[in-house]
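Whatever this is, show me its structure:
(one chain, ligands or ions: 1)
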Amino acid sequence: MDGNRRWAQTHGLPPHKGHERGFETLRKVVDWCKEKGVQHLVVYAFSTENRGRAEEEVAYIMDLGRKLLRDESPKLVRQGVSVHVIGDVKRFPVDIQEMIHDIQSKQVSNAAHHLWVAASYGGRAEILHAVNALLNKNASLVDEEGFTNELWTSGMPDPDLVIRTGGEQRLSNFLPWQTVYSELFFVPTYWPDFTKEVFEDILTQYAQRERRYGK
Ligand code: FPP
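Reported below is the predicted structural model:
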């Protein structure tokens with residue numbers, strides 16, 4: 001969900017206004033996914049590296065996290081959308097950790113849709129977390145499945161497609177293990193301006209790609 005601050009700058013607004021608009025886009029995209037039958041939506045909301053941003057900006061993004069977990073998630077769960085947080089959740093303020101536990105305890109089994117929020121997430125940190133978990137278990141030989149089970153994303157299918165808004169053409173520590181065969185789409189649109197038309201166009205292009213998985 002890249003481009004929030006540049007969107008704000010373009011409109012002569014402070015950075016947090018970009019995140020506020022970005023939050024609205026996220027709510028809309030969840031609905032579009034439900035409409036289009038996309039069962040799993042993963043969003044990169046806050047990276048390990050984002051912690052280095054100005055204190056007020058980080059505090060504002062944390063407040064959006066609270067809004068999502070406390071106000072939006074119960075509604076989403078009632079609509080059949082399971083909400084999961086993936087990342088180093090121990091680094092969040094205690095009240096957010098409690099909200100994460102609370103929402104996890106309210107998930108419906110076999111939900112039709114899933115929203116996975118990567119927050120306090122870094123792909124390399126996730127891989128190290130899995131390695132250390134395996135070392136703690138004195139594991140000797142580990143296969144792909146055994147490794148995948150130790151990742152924060154355990155239970156989440158690998159992404160079929162990845163969309164990065166905002167014009168940059170890189171993955172920036174987003175799901176390095178899980179995206180090896182994902183189809184990548186880079187769009188110039190800033191996240192707050194991401195529209196249903198752009199989303200539908202990407203789905204159409206995705207349907208035309210031939211996925212060979214190296215075969
Ligand atoms: C990247 O744009 C966006 C973020 C670092 C924050 C994303 C947050 C939201 C979309 C709101 C939803 C939040 C939660 C916690 C659910 P950027 O700030 O890097 O923009 P830039 O590339 O223009 O600087």
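
just for the chain, where's the confidence low?
Within the chain, not a single segment meets pLDDT under 70.

any chance you could map the strands in it?
40-47, 81-86, 113-121, 161-164, 183-186 (DSSP state E).

any chance of these in a markdown table, plus mean neighbour count?
From N, CA and C alone the C-beta is placed, and that goes for glycine too. Conversion of these to a markdown table gives the following (neighbours: other CB atoms under 10 Å):
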| stretch | mean neighbour count |
| --- | --- |
| strand 40-47 | 20 |
| strand 81-86 | 22 |
| strand 113-121 | 23 |
| strand 161-164 | 18 |
| strand 183-186 | 15 |
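
right, so of the ones you listed, which gets closest to the ligand?
The closest of the strands of the chain to the ligand is strand 40-47. By CB to the nearest ligand atom, the value is 3.9 Å.

what's the angle from that closest one to strand 81-86?
Inter-element angle recorded for strand 40-47 and strand 81-86: 40 degrees (by axes from the mean of the first three to the mean of the last three CA atoms, to 10 degrees).

what's the single longest helix in the protein?
helix 15-36 (DSSP state H).

just to revisit the earlier point, with distance to the ligand as extra columns, can I get the strands of the chain in a markdown table?
A markdown table is the format used below for those (distance: least, CB to the nearest ligand atom, whole Å):
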| stretch | distance to the ligand |
| --- | --- |
| strand 40-47 | 4 |
| strand 81-86 | 9 |
| strand 113-121 | 6 |
| strand 161-164 | 10 |
| strand 183-186 | 13 |
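
want to throw these into JSON lines with distance to Gly18?
Shown next, in JSON lines, are the strands of the chain (distance: least, CB to CB, whole Å):
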{"stretch": "strand 40-47", "distance to Gly18": "13"}
{"stretch": "strand 81-86", "distance to Gly18": "22"}
{"stretch": "strand 113-121", "distance to Gly18": "17"}
{"stretch": "strand 161-164", "distance to Gly18": "16"}
{"stretch": "strand 183-186", "distance to Gly18": "19"}
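
residues touching the residue lying farthest from the centre of the chain, list them.
Distance from the C-alpha centroid of the chain, by CA atoms, centre = their mean, peaks at Ser140 (31.4 Å). Under the criterion of CB atoms under 8 Å, 6 or more residues apart in numbering, Ser140 has no contact partners.

next one: phi and psi at it?
The phi/psi pair for Ser140 (degrees, to the nearest 10) reads phi -110, psi -70.

helices and strands around the longest helix of the chain, which ones?
Judged by 3 or more CB pairs under 8 Å, 6 or more residues apart in numbering; DSSP states H and E, the packing partners of helix 15-36 are helix 4-10, strand 40-47, helix 55-66, strand 113-121, helix 196-208.

who touches that helix?
Helix 15-36 is contacted by residues 1, 3-9, 11, 38-39, 41, 43, 45, 54, 56-57, 60-61, 64, 67-68, 72, 76, 79, 81, 112-113, 115, 190-194, 196, 199-200, 203 when judged by CB under 8 Å, 6+ apart.
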